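Enquirer: A predicted structure for the sequence below; I have some questions about it.
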Amino acid sequence: MRARRLLKRKGVTEEEIRVDFDRKRRVEMERLSGCHTVPQIFIGDLHMGGYDDMTTLDRQGRLESLLGGPESDLS
């Protein structure tokens, strides 16, 4: 929920991919991210990490440029 709120404040439309009931998607998420916890946040093919990683990027002033500005779509 915190990740969603942060993305909404940034004006980003996010796409949630549920991996909790889909073993195939969970295996793919783990392969792509190297992580077993959720959420794992991706911007396109770029793995951002989890919420804490995303807020660190935001505090460093790097998140918005990765998002492509205030009206980006996150998929």
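Expert: Thanks, I have the structure now. Numbering: from 1, shown residues only.

Enquirer: element containing L66?
Expert: helix 63-67 (DSSP states H and E).

Enquirer: For the helix or strand K24 falls within, buried residues please.
Expert: Applying DSSP H and E as the criterion places K24 in helix 23-33. Neighbour-count burial for helix 23-33 flags 26, 29, 33 (criterion: 16 or more other C-beta atoms under 10 Å). From N, CA and C alone the C-beta is placed, and that goes for glycine too.

Enquirer: Grab the nearest non-local neighbour of the first one.
Expert: It refers to R26. Among residues not flanking R26 along the chain, V19 sits closest, at 4.0 Å (C-beta to C-beta, 6 or more residues apart in numbering).

Enquirer: can you check L63 too?
Expert: Nearest non-adjacent residue to L63, counting by C-beta to C-beta, 6+ apart: L57, 4.3 Å away.

Enquirer: ok so, going back, which among the buried residues of helix 23-33 gets closest to E15?
Expert: Comparing the buried residues of helix 23-33 against E15 with C-beta to C-beta places M29 closest, at 13.2 Å.
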